[in-house]
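Visitor: pasting the structure only:
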């Protein structure tokens with residue numbers, strides 16, 4: 001009578017270990033990018049606090065407030081080291097505490113009037129039609145930005 005095999009052979013175990021290694025090599029970088037994007041979403045959310053005053057001032061008109069005077073530059077986040085606005089209301093955030101790849105990088109939110117960036121000299125008092133996230137002035141690689149913030 002032949003003994004019944006109990007357990008796995010060495011080659012079967014090596015195949016399983018190889019498969020797990022390959023899956024880990026593929027999944028780990030994707031997961032790391034995902035975690036950076038998730039943290040960048042918090043930065044975008046903090047920047048969004050500036051959209052309301054900029055939009056309201058573009059809508060109401062009057063005297064443009066100038067750079068860093070739009071009334072929202074004090075927004076804070078764990079991953080935000082600085083938040084600034086320019087004369088036209090473009091919001092620029094400097095990132096910190098996420099990852100060495102994106103720390104010190106910037107991302108922008110630009111008020112849009114039609115297909116072009118809004119300008120206080122020609123569009124103040126007319127309002128803004130939308131916002132462009134991740135456009136001109138963004139130094140962070142697009143793969144680290146949330147899907148809603150990829151220059152569209």
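Guide: That came through fine. Values in this document were obtained by computation on a predicted structure and should not be read as measured data.

Visitor: If you count contacts, what does the lengthiest helix in the chain end up packed against?
Guide: As assigned by DSSP state H, the longest helix anywhere in the chain is helix 10-60. The contact analysis (3 or more Cβ pairs under 8 Å, 6 or more residues apart in numbering; DSSP states H and E) places helix 10-60 against strand 80-85, strand 91-95, strand 106-113. Any C-beta I mention is one placed from the backbone N, CA and C, and that applies to glycine too.

Visitor: again, 10 Å this time
Guide: Taking 3 or more Cβ pairs under 10 Å, 6 or more residues apart in numbering; DSSP states H and E as contact, the helices and strands that helix 10-60 lies on are strand 80-85, strand 91-95, strand 106-113, helix 120-123, strand 130-133.

Visitor: Confidence-wise, which of the ones you listed is weakest overall?
Guide: Note on the helices and strands packed on helix 10-60: helix 120-123 shows the lowest mean pLDDT, a mean of 88.

Visitor: For that one, buried residues please.
Guide: 120, 123 (16 or more other Cβ atoms under 10 Å).

Visitor: and what of stretch 136-152?
Guide: Neighbour-count burial for stretch 136-152 flags 138, 140, 144-146, 149 (criterion: 16+ other Cβ under 10 Å).

Visitor: want to try CSV for those, with pLDDT and secondary structure as columns?
Guide: Converted to CSV, the buried residues of stretch 136-152 look like this (pLDDT from 0 to 100; DSSP: H, G, I helix; E, B strand; the rest coil):
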residue, pLDDT, secondary structure
138, 93, coil
140, 93, coil
144, 91, helix
145, 92, coil
146, 91, coil
149, 88, helix
